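Enquirer: The following comprises the amino acid sequence and a computationally predicted model.
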Amino acid sequence: MSTRRIRQILAEFSHNKAIRFAVFFLVLISLLSIFAFLSPYDPDQINILNKLQGPSWAHPFGTDDLGRDYMTRVLYGGRISLVVGVVAMGISTLIGTTVGAVAGYFGGLIDNVLMRIVDIISSIPWMILVTIISIYLKPGLQTIILVIGLFTWMRIARLVRAETLSIKEREYVLYAKAIDQSHFFTIFRHVVPAVMPTIVVAATTGIANAIMIESSLSFLGLGVQPPISSWGSMLNRAQSALEKAPYMAIMPGIMIILTVFSFNKLGDLIRIYVEPKALDR
């Protein structure tokens, strides 16, 4: 990374309060989720005598309808939501990068076939597609990760294909072809590294999308199953006690909003590396 780009990133970070907040929040929520086990409360321990208690010093986020400490459950739920977002987007990025790079590199019939597959899958509303698949698979953490990862790669495939169409005409790629290097080696040694900055930006913003999908499916009861909690499943459970304990919906809802916002802002910061002129627009 050039000195000029480093200065641009540091300048944007120092002047943009939203980006500073996003980075701080993501670091904070990640650390809190990782070290959630340090909480004095068991996230699954039921105590009916303490159910639906409002926020207090003992329970900063209150307790749920089974008397469990809600802040502890929010932190453990954050761990699940973040893991789903990162791992699912990793799967999506791997598939999208492979399909996009192969389609753009070979062109012709292979490109047409792969892009028509992308068009067909993209034409189906994602909520309907993911919901149907989730119904036929056993609900759970592994299932939700696979479902999101296998059906959210189309956007990355299009981005990588567009970049590959340009990169494959560069001298070093043409030279690799001229000396009869294998197509596999040329794609993953020369093409993919050149597209990597775009992939990183797309993956960063894609994590936010994966968290939203997980939250939506868990809210509908198709995501992670009890006693495991995620922010989406906590919103689902909060419906039954919304009048008595609105904080049960407010707390995970705020976490989802701030996390999605923060990942999108982080993507804006990373884009400065990919597009140095982004600050001039």
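Expert: Now that the structure is in, tell me what you want to look at.
Enquirer: remind me which residues of the chain are low pLDDT?
Expert: 1-6, 8-9, 12-13, 130, 134, 272-281 (pLDDT under 70).
Enquirer: tell me the centre residue of it?
Expert: Ile207 (1.4 Å; CA atoms, centre = their mean).
Enquirer: so what secondary structure elements neighbour the longest helix belonging to the chain?
Expert: Assignment by DSSP state H gives helix 70-106 as the longest helix of the chain. Helix 70-106 is packed against helix 17-34, helix 108-123, helix 141-150, helix 154-167, helix 183-186, helix 192-219, helix 231-238, helix 247-274, with contacts defined by 3 or more CB pairs under 8 Å, 6 or more residues apart in numbering; DSSP states H and E. For every residue, glycine as well, the C-beta is placed using N, CA and C.
Enquirer: If we use 6 Å, what do you get?
Expert: helix 17-34, helix 108-123, helix 141-150, helix 154-167, helix 192-219, helix 231-238 (3 or more CB pairs under 6 Å, 6 or more residues apart in numbering; DSSP states H and E).
Enquirer: and the angle for that helix with helix 154-167?
Expert: 40 degrees (axes from the mean of the first three to the mean of the last three CA atoms, to 10 degrees).
Enquirer: ok, and for helix 70-106, which residues are buried?
Expert: 70-82, 84-85, 87-93, 95-105 (16 or more other CB atoms under 10 Å).
Enquirer: I'd say the residue nearest to the centre of the chain and Val83 touch.
Expert: No - if you go by CB atoms under 6 Å, Ile207 and Val83 don't touch, sitting 10.7 Å apart.
Enquirer: And the nearest residue to Asn236 once chain neighbours are set aside, how far from Ala249?
Expert: Nearest non-adjacent residue to Asn236, counting by CB to CB, 6 or more residues apart in numbering: Phe219, 4.8 Å away. For Phe219, the distance to Ala249 equals 10 Å [CB to CB, to the nearest Å].
Enquirer: what about the two, which has more around it?
Expert: Phe219 (21 against 17; other CB atoms under 10 Å).
Enquirer: didn't the more buried one look like it was pressed against Leu235?
Expert: Yes - counting by CB under 6 Å, Phe219 touches Leu235, with 5.1 Å between them.
Enquirer: who's in contact with the residue nearest to the centre of the chain?
Expert: Gly85, Met89, Phe263 (CB atoms under 6 Å, 6 or more residues apart in numbering).
Enquirer: From Lys177, how far out is the closest residue to it other than its chain neighbours?
Expert: Nearest residue to Ile207 in three dimensions, chain neighbours excluded: Gly85, at 4.3 Å (CB to CB, 6+ apart). Using CB to CB, Gly85 is found at 38 Å from Lys177.
Enquirer: What of Phe106?
Expert: Counting by CB to CB - Phe106 and Lys177 are separated by 12 Å.
Enquirer: for Pro139, same thing?
Expert: Relative to Lys177, Pro139 is positioned 47 Å away (CB to CB).
Enquirer: So for the two, which sits in the more crowded spot?
Expert: Pro139 (17 against 13).
Enquirer: Surely that one is in a helix?
Expert: No - counting by DSSP: H, G, I helix; E, B strand; the rest coil, one finds Pro139 to be coil, located in no helix.
Enquirer: and it, what does it touch?
Expert: Leu222, Gln225.
Enquirer: So what does it look like in phi/psi?
Expert: phi -60, psi 140 (degrees, to the nearest 10).
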